[in-house]
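>>> Sequence first, then the predicted structure:
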Amino acid sequence: MPKVTFIAHDGTRHAVDAAAGESLMRAAVDHDVPGIDADCGGMCACATCHVFVQPEWFGRLAAPSAQEEEMLNFTAERRDTSRLACQIPITDALDGLVVTMPEGQH
Amino acid sequence: MPTTAEIQAAARERAFSMPLAEINPADAQLFANDTVGHYFARLRRDAPVHRSTSPLFGPYWSVTKYQDIMAVDTNHATYSSDWARGGIVISDRPMQDRLAMFIAMDPPKHDVQRLAVSPIVAPQNLANMEGLIRERTRKVLDGLPRNETFNWVEKVSIELTTLMLATLFDFPLEDRRMLTRWSDVATSNPDVDKRVVQSWEQRTAELQQMLAYFTRLWNERVNAPPRTDLVSMLAHNPATRNMPPEEFMGNLVLLIVGGNDTTRNSMTGGLLALSQNPAEWAKLRANPALVDPMVSEIIRWQTPLAHMRRTATRDAELGGQTIREGDKVVMWYLSGNRDETAIDNPEAFVIDRARPRQHLSFGFGIHRCVGNRLAELQLKILWQEILARFPVIEVLGEPARVRSNFVRGYARLPVRIPG
């Protein structure tokens, strides 16, 4: 199983085994990683699974959809490496992925 | 007088036996006596996207299931919020009476105006406000009468939300009840209920007074250094500083109603829900950490805004029905939040649900409630402070409900705190 790591805003690291085919958001929620709210349950409709992808990984992900761009636009702390975790499908190629989390999810 | 149980039973019987075509869930009477849920249950079962007709509002589509509502809310290209097409509530007002506010705009204008105010509820700012909210909540609760009946809406819900709103606007505290009044005026519909305003002319006149008051604040702040209050933020942001007066008025109404009416009614609704569900209250007392999931459950259970409306920009298919360009589409959030195919045991108030945040009360997509986390913070602090003080709050009778198909709220809830 690909291992992915979520680094909370306070620096706490949460490494979890994610199942290929599920989303990065689901990996966090199913493992009770705090800091991913996922209010809409994965519909790209709330932007409460906002993460910052480490730069070395960012370019390896498929580009965000127009809808994801739109939702990211309204997050409080948008950066160049911002993504919604519900829009990142886990694959074996993402083994070792590291993302950090914003101070809060809106 | 029939009892509440008799009224509910009769409504259920009628909702499930009347011809589908006659069902009109926008009838404000169904909200005033809280029987609309039976009609939504019928529609979810038999006609989840339903061609409804109202004598006041004309034909409209009632969208009643969670996933269909999500589909409309996340497709702003097909389902427009633009005030010029009809806006975000079921009533169609003459063009000059429509309020130009960013919730009733589509991209790109919506986006830049929303971004002008959204920093006020950014995480750091919320953290800065938490101490003030807690201090005020304590003061309001400590000042409540003991051993006598009082109106929870007036002394707690209105007082706390109006204080919050005054802070967000940096509005003179001594005049804060004007904000409450303007909020009530803005959401009132004199065709449905004349208790707030007698006529549309009176409504317009009072909103003009609001605009004049806020224009004074704007003029003070536009030439002063930028500060973190909503008026200063609007006055200094390039996207909003040259707004025409009608857009300033529209956005004021949006921020006043959004920051006031909604949380007010969740503050009342939470107490009502707990008093109707004593086992849940006991669960909360035994484990105060349940305040967090309970806050989301209160917001779902209450659904303080019952609907949002869109207008189709093109023909589309929704839930097996063909929506035509120009059709009015009403997303009944209150119904989606009771949809048994999306939420387990949705009629029940359960403070420790597995996924309490998955509700429709804030909407989804680009118009999702900008103040959602502030609302949750206010409710969380209220319940933490109640638990720290009052072993019991007795609800002494039925609430008086607001007669509206938009604001799902309360005018009165009689309570008594022993001690």
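Perfect, I can see it now. Quantities reported herein were computed from a predicted structural model and do not represent experimental measurements.

>>> Now do the same contact list for the residue in chain B that chain A sits nearest to.
In chain B, the residue that lies nearest chain A is B:Pro123 (3.2 Å; Cβ to the nearest Cβ). All C-beta spots, glycine's among them, are computed from the backbone N, C-alpha and C. In this structure, B:Pro123 makes contact with A:Ala76, A:Glu77, A:Pro102, A:Glu103, A:Gly104, A:His106, B:Arg373, judged by Cβ atoms under 8 Å, 6 or more residues apart in numbering or on different chains.

>>> before we move on, what about A:Asp30?
With Cβ under 8 Å, 6+ apart as the criterion, the residues that contact A:Asp30 are A:Glu22.

>>> Going by residue numbers, what spans are helices in chain A?
A:24-30, A:55-58, A:66-72 (DSSP state H).

>>> Just name the most buried of these.
Of all the helices of chain A, helix A:24-30 carries the top mean neighbour count, a mean of 23, counting by mean count of other Cβ atoms under 10 Å in any protein chain shown.

>>> tell me how far that one is from the chain's mean position?
For helix A:24-30, the distance between its averaged C-alpha position and the chain's averaged C-alpha position is 8 Å (Cα atoms, centre = their mean, to the nearest Å).

>>> avg pLDDT for that helix?
Across helix A:24-30, the average pLDDT comes to 97.

>>> okay, the longest helix belonging to chain B in PDB with CA atoms only?
Identified as the longest helix of chain B according to DSSP H is helix B:200-222. Taking Å, rounded to 0.1, in the frame of the first residue of the first chain, the C-alpha atoms of helix B:200-222 are listed here in PDB:
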ATOM      1  CA  TRP B 200     -42.600  46.700   0.300                       C
ATOM      2  CA  GLU B 201     -42.400  50.500   0.400                       C
ATOM      3  CA  GLN B 202     -41.800  50.400   4.100                       C
ATOM      4  CA  ARG B 203     -39.100  47.700   3.600                       C
ATOM      5  CA  THR B 204     -37.300  49.800   1.000                       C
ATOM      6  CA  ALA B 205     -37.500  52.900   3.200                       C
ATOM      7  CA  GLU B 206     -36.000  51.100   6.200                       C
ATOM      8  CA  LEU B 207     -33.200  49.600   4.100                       C
ATOM      9  CA  GLN B 208     -32.500  53.100   2.800                       C
ATOM     10  CA  GLN B 209     -32.000  54.200   6.400                       C
ATOM     11  CA  MET B 210     -29.600  51.300   6.800                       C
ATOM     12  CA  LEU B 211     -27.700  52.400   3.800                       C
ATOM     13  CA  ALA B 212     -27.500  56.000   5.100                       C
ATOM     14  CA  TYR B 213     -26.200  54.900   8.500                       C
ATOM     15  CA  PHE B 214     -23.500  52.600   6.900                       C
ATOM     16  CA  THR B 215     -22.600  55.300   4.300                       C
ATOM     17  CA  ARG B 216     -21.500  57.500   7.300                       C
ATOM     18  CA  LEU B 217     -19.300  54.600   8.600                       C
ATOM     19  CA  TRP B 218     -17.900  54.100   5.100                       C
ATOM     20  CA  ASN B 219     -17.000  57.800   4.700                       C
ATOM     21  CA  GLU B 220     -15.200  57.700   8.000                       C
ATOM     22  CA  ARG B 221     -13.200  54.600   7.100                       C
ATOM     23  CA  VAL B 222     -12.500  55.100   3.400                       C
END
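
>>> contact partners of it?
Contacts of helix B:200-222 from elsewhere in the structure, counted by Cβ under 8 Å, 6+ apart, are B:93, B:97, B:169-171, B:175, B:178, B:181-182, B:185-186, B:188, B:190, B:197, B:227, B:229, B:231-232, B:234-236, B:241, B:245, B:248-249, B:252-253, B:256.

>>> out of those, which are buried?
Those of these that meet the buried threshold are B:169-171, B:178, B:181-182, B:185-186, B:188, B:197, B:229, B:231-232, B:234-236, B:248-249, B:252-253, B:256, by 16 or more other Cβ atoms under 10 Å in any protein chain shown.

>>> Once you drop chain neighbours, what's closest to A:Arg83?
Counting by Cβ to Cβ, 6 or more residues apart in numbering or on different chains, the nearest residue to A:Arg83 once its immediate chain neighbours are dropped is A:Val53, at 5.4 Å.

>>> Now do that neighbour against B:Asp339, distance only.
Noted for A:Val53: a distance of 34 Å to B:Asp339, by Cβ to Cβ, to the nearest Å.

>>> Which ones among the buried ones among the contacts of helix B:200-222 also lie next to chain A?
Contacts with chain A are made by none of the buried ones among the contacts of helix B:200-222, judged by Cβ under 8 Å from any Cβ of the partner chain.

>>> can you list the residues of chain B near chain A?
Residues of chain B lying near chain A (Cβ under 8 Å from any Cβ): B:70, B:73-74, B:107, B:111, B:114-115, B:118-119, B:121-124, B:126, B:355, B:357-358, B:362, B:364-366, B:368, B:370, B:372-373.

>>> So, low pLDDT: which residues of chain A?
In the predicted model, chain A carries no residue with pLDDT under 70.

>>> of all the residues in it, which ones are close to chain B?
A:37-41, A:43-48, A:67, A:70-71, A:73-74, A:76-77, A:102-106.

>>> Make a ChimeraX selection of the buried ones in the residues you listed.
Under the burial definition 16+ other Cβ under 10 Å, those of the residues of chain A next to chain B that qualify are selected in ChimeraX by:
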select /A:37,38,39,40,41,43,44,45,46,47,48,67,70,71,74,76,77,102,104,105,106
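
>>> In stretch B:47-61, which residues are buried?
Buried residues in stretch B:47-61, counted by 16+ other Cβ under 10 Å: B:Ala47, B:Pro48, B:Val49, B:His50, B:Ser52, B:Ser54, B:Phe57, B:Tyr60, B:Trp61.

>>> before we move on, back to that, next, report how far the longest helix of chain B is displaced from the centre of its chain.
The gap between where helix B:200-222 is centred and where its chain is centred comes out at 22 Å by Cα atoms, centre = their mean.

>>> following it, which helix or strand shows up next?
Past helix B:200-222, heading to the C-terminal end, the next element that is a helix or strand (DSSP states H and E) is helix B:230-236.

>>> Residue 11: neighbour count?
Since no chain was named, I'll use chain A. A total of 7 residues lie near A:Gly11 under the criterion other Cβ atoms under 10 Å in any protein chain shown.

>>> not quite, I wanted chain B
Other residues within reach of B:Ala11, judged by other Cβ under 10 Å, total 18.

>>> if we can go back for a sec, from the buried ones among the contacts of helix B:200-222, which land in helices?
Those of those lying in helices (DSSP H): B:169, B:178, B:181-182, B:185-186, B:231-232, B:234-236, B:248-249, B:252-253, B:256.

>>> picking up where we left off before, could the helices of chain A go into JSON lines alongside distance to A:Val4?
Conversion of the helices of chain A to JSON lines gives the following (distance: least, Cβ to Cβ, whole Å):
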{"stretch": "helix A:24-30", "distance to A:Val4": "6"}
{"stretch": "helix A:55-58", "distance to A:Val4": "10"}
{"stretch": "helix A:66-72", "distance to A:Val4": "19"}
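
>>> which stretch among these comes nearest B:Pro19?
helix A:66-72 (39.1 Å; Cβ to Cβ).

>>> Show me what the closest one is packed up against.
With contacts defined as 3 or more Cβ pairs under 8 Å, 6 or more residues apart in numbering or on different chains; DSSP states H and E, the packing partners of helix A:66-72 are strand A:82-84.
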